[in-house]
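Chemist: No letters, just coordinates:
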């Protein structure tokens, strides 16, 4: 019944609208006396306040700055290390097992160690974020390089490419979808790690801290606002990464069977 | 040899480094390089790096190149490890962490599979649910933590919910995309063979989607373990994360390191277990290639 | 030929210029303290309020009134304050990385750091005899400390709350293992108490805030008990900084003593409590916590026999409760030279009461 009732493009909005309506009704008709139940309008009010006072922007700026610096360091290091693993059998045998072992250590377990090794200040956080981005980038770069199909390498051999040419014209382009996937994943992990770092390490400003403060003072509206902002940032980062990926890989055309 | 790398906006299954990579063309091309070196067995080559690190660590600790609070000597860590193992403390905490992750992961697995299958098989359901789900998935697990703390407090419920959310998102997405990504030719063949709906599902769709689904499951477990460590670091009275906090508060970095080693070992074991299961479940698939 | 002469002459000229320059410059360099252009002070509390500050000690007053900054302004030396939500343990992490010169901490974290090998020395007592409170949800069946057995109790581990809590438990026949201890910071345990996530919290007077809202009942307060169950604190300086800048350390101690004197003056009681209240804990609670005692008992910068005894006990107990790794001698750790000099200079040797190790005032 509902299938023909609601036109296709609007279907996605049904559930969110229902949620907001139920929420509003719960507040309006007092279905729950919990102090945590605040009206949707209040969240909007807080949002406006935060934007107007610029708080949210400075908090976001602080979080994002750390995020991007850490991500850049981790991604760059990851590319180098992953390429080394892919390029040299020997290096892979020497460093590979150690790397795979270290990567099994759940990311956040590193935090207390980093905290003692770097003390206060942004160094610990940036180190943590680099670590977060490092692992996925290495894995995907390595995988991408090793998955280059035999035929392409045959062609390179036939055309008598030297080392550099093989790399620049064959291996890297063939590996690029995987490499970009790795970078994309690194970005996701780095954002996740940014939030975690704010909860667990001594910090200044940040959107994670805004939410923690909200929680400590029982300001549900602030916490919800923070959640929405975090979601928006996550979405934007994903979207930007996808766009860049699409652009960079556009030359591949619409490949079907293989990446 | 091709792995189905599913890129979704919110969850990518990291490829497992299956042995066939070593047999890949690039690997073969590099073999010529490898033969220049003396033929040492692989397992032997794995050791020089960690042993070197251990050596530097021991020297650094003994000569105090770094303060001992920052870098306890390896013997100290080993001793602490042995002590906590013998006293049963380590095992008790490990058990609790494992139980939590198992519980949370199971919830996330069941929910994720159900949701993913529903979205994959029913376009109508997908139309209604997918956008909301996507929005919900944009917020990383940790973004939900303060909100959940307010709503359910800091008891077991918080941990289970967070862990299941961590597992649910990648499993759902990969299941959905896996089902969606079943090549149309397979469906056509099934239709030509006049398969019933049930036959189509069990003989064509699910086997074809199994690889991406499995990737999602692996990713979900990694994420679940990650979420567990975080939430135990923040609010727990037992578990491995709690051990780490305890060590940190008392400035006993050897306790922290011992617990971190165990966290890594468990992560490794979980991953290996899944790889084993994968080989059994998907073994038939590889042979076809 | 002429070129070489020129070169040689030029060289001689430059040499002489250099020599005179260094002859003038070097003494100037030696006179100034090469190390310190900034003094970094770490406080084991978060900074709250506007303007952000903390409370509970005379150093808090000095911070609020900017007296350290005033003292060093003329020499162009900056004073940087760092606040740590993670309290003592977090301060230790910064200390390990040489990111702080002075810290305002409690006894246990400093003991842990010292026994782990950090080279520090105590210079001034600060925030002594702070009370601990145990709060429970209002409808809780728990009545005494002994009832805590087997319950979920929060305790901020590694801070100066830890030892008095353990002593209290021991006095009632309990050990840490008899309880399910959660490690939560102040904001954490206040939240957890009000949502009833824990059965009890061993904490500071911030618990009174929830009592006024009816969300907590105070099960125990060390105010009505022996001073052995109170928390002690101090200001310490790293050996590194002290060896490089003894005059600066002396001046810091001078300011601390001056502030302690001002804060101990009953005429200033209202202002002291109000300044502390700016950091979030209400004025009435400070009044309540400090009621019945003269200010100078708690705002006492001296390491009198009682306090030294407390620290000796703390070192021994920390090791016994497996909180620290090694015992060490308290006497050389407490460097009272700066304090004595400041007291002599400001003629305050007899201003504060001296308590003996048994807790009784001297002459009683």
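Modeler: Structure's in. What do you need? All values reported here derive from a predicted model rather than from experimental measurement.

Chemist: Quick check: chain neighbours aside, which residue is closest to residue B:209?
Modeler: Using C-beta to C-beta, 6 or more residues apart in numbering or on different chains and skipping residues adjacent in sequence, the residue nearest residue B:209 is residue B:178, 3.6 Å away. The way it works is simple: take the backbone N, C-alpha and C, and place the C-beta from them, glycine included.

Chemist: and if you look at residue C:78?
Modeler: Distances taken as C-beta to C-beta, 6+ apart put residue C:38 closest to residue C:78, at 4.4 Å, once the chain neighbours are dropped.

Chemist: Residue numbers of the stretch 101-250 of chain B in contact with chain A?
Modeler: Contact residues (C-beta under 8 Å from any C-beta of the partner chain) of the stretch 101-250 of chain B with chain A: B:124, B:127-132, B:135, B:138-147, B:149-151, B:225-226, B:228-230, B:233-234, B:241, B:244-245, B:247-248.

Chemist: Tally up the residues packed near the residue nearest to residue C:78, please.
Modeler: Using other C-beta atoms under 10 Å in any protein chain shown, the number of residues around residue C:38 comes to 12.

Chemist: which ones are touching it?
Modeler: By C-beta atoms under 8 Å, 6 or more residues apart in numbering or on different chains, the contact list for residue C:38 reads C:77, C:78, C:79, C:80.

Chemist: filter the residues of the stretch 101-250 of chain B next to chain A to the buried ones?
Modeler: B:127-132, B:135, B:138-147, B:149-151, B:225-226, B:228-230, B:233-234, B:241, B:244-245, B:247-248 (16 or more other C-beta atoms under 10 Å in any protein chain shown).

Chemist: can you give me phi and psi for residue B:203?
Modeler: Main-chain dihedrals, residue B:203, degrees, to the nearest 10: phi -100, psi -20.

Chemist: same question, residue C:361
Modeler: phi -70, psi 150.

Chemist: That one and chain B, how far apart?
Modeler: Separation of residue C:361 from chain B (C-beta to the nearest C-beta, to the nearest Å) stands at 35 Å.

Chemist: thinking that residue is in contact with residue C:353, fair?
Modeler: Yes. The criterion here is C-beta atoms under 8 Å, and residue C:361 meets it with residue C:353 at 5.4 Å.

Chemist: what about residue 87, how many residues close to it?
Modeler: Picking chain A for this. With neighbours defined by other C-beta under 10 Å, the count for residue A:87 comes to 19.

Chemist: hmm, I had chain C in mind actually
Modeler: So residue C:87, with other C-beta under 10 Å, has 25 neighbours.

Chemist: Which elements pack onto the strand or helix carrying residue B:44?
Modeler: Using DSSP states H and E, residue B:44 maps to helix B:42-45. Under the contact criterion of 3 or more C-beta pairs under 8 Å, 6 or more residues apart in numbering or on different chains; DSSP states H and E, helix B:42-45 touches helix A:89-103.

Chemist: Contacts only, for residue A:74.
Modeler: Under the criterion of C-beta under 8 Å, 6+ apart, the neighbours of residue A:74 are A:129, A:130, A:131, A:132, A:133, A:134, A:137, A:186, A:190.

Chemist: Let's see which of the buried ones among the residues of the stretch 101-250 of chain B next to chain A end up in helices.
Modeler: Cross-referencing these against helices under DSSP state H gives B:127-132, B:135, B:138, B:145-147, B:149-151, B:225-226, B:228-230, B:233-234, B:241, B:244-245, B:247-248.

Chemist: Now do whatever helix or strand residue C:95 lives in against helix B:240-249, angle only.
Modeler: Here residue C:95 sits within helix C:87-96, counting by DSSP H and E. Counting by axes from the mean of the first three to the mean of the last three C-alpha atoms, to 10 degrees, helix C:87-96 lies at 70 degrees to helix B:240-249.

Chemist: Chain B versus the one residue in chain C that gets nearest to chain A, what's the distance?
Modeler: The nearest approach of chain C to chain A comes at residue C:97, 3.1 Å away (C-beta to the nearest C-beta). Applying C-beta to the nearest C-beta, the value for residue C:97 to chain B is 8 Å.

Chemist: so what's that residue up against?
Modeler: Contacts of residue C:97 were listed using C-beta under 8 Å, 6+ apart, and they are A:117, A:118, A:119, A:120, B:70.

Chemist: Next: residue C:351.
Modeler: For residue C:351, the contacting residues are C:261, C:264, C:296, C:343, by C-beta under 8 Å, 6+ apart.

Chemist: which bits of the stretch 101-250 of chain C sit near chain B?
Modeler: Checking the stretch 101-250 of chain C against chain B by C-beta under 8 Å from any C-beta, the hits are C:109, C:112-113, C:116-118, C:152, C:157-158, C:180-184, C:188, C:191-192, C:195-197.

Chemist: Could you list which of these also contact chain A?
Modeler: C:188, C:191.

Chemist: Keep only those of the residues of the stretch 101-250 of chain C next to chain B that are in strands.
Modeler: Among these, DSSP state E puts C:152, C:180, C:181, C:182 in strands.

Chemist: Leaving out sequence neighbours, find the closest residue to the closest residue to chain B within chain C.
Modeler: Distance from chain B to each residue of chain C (C-beta to the nearest C-beta) is smallest for residue C:158, at 3.5 Å. Using C-beta to C-beta, 6+ apart and skipping the chain neighbours, the partner closest in space to residue C:158 is residue B:249 (3.5 Å).

Chemist: since we're on that neighbour, how many residues are nearby?
Modeler: When neighbours are counted by other C-beta under 10 Å, residue B:249 registers 26.

Chemist: Could you tell me which residues make contact with it?
Modeler: C:89, C:157, C:158, C:183.

Chemist: from memory the first one sits against residue B:247, does it?
Modeler: The one in question is residue C:89. No. Contact criterion C-beta under 8 Å: residue C:89 and residue B:247 do not qualify, at 10.3 Å.

Chemist: Show me what from chain A comes close to chain C.
Modeler: So chain A meets chain C at A:115, A:116, A:117, A:118, A:119, A:120, A:121, A:202, A:215, A:216, A:218 (C-beta under 8 Å from any C-beta).

Chemist: Most widely separated two among those residues?
Modeler: A:117 and A:218 (35.1 Å; C-beta to C-beta).

Chemist: Now the terminal residues of stretch C:312-326, how far apart.
Modeler: End-to-end distance of stretch C:312-326: 13 Å, with C-alpha to C-alpha, to the nearest Å as the criterion.

Chemist: again with stretch A:29-36
Modeler: Using C-alpha to C-alpha, one end of stretch A:29-36 lies 15 Å from the other.

Chemist: Now do it, average pLDDT.
Modeler: The average pLDDT for stretch A:29-36 rounds to 71.

Chemist: Over to stretch A:105-120?
Modeler: Regarding stretch A:105-120, the rounded mean pLDDT is 84.

Chemist: Likewise for stretch B:130-143?
Modeler: Here the average pLDDT along stretch B:130-143 is 86.

Chemist: Pull the residues that contact that stretch.
Modeler: By C-beta under 8 Å, 6+ apart, stretch B:130-143 touches A:12-13, A:15-16, A:19, A:188, A:191-192, A:195-196, A:199, A:208, A:211, A:226-227, A:230-232, A:234-235, A:238, B:9-11, B:115, B:119, B:162, B:165-166, B:169, B:172-173, B:176, B:223, B:226-227, B:230.

Chemist: Kind regards, and thank you for your time.
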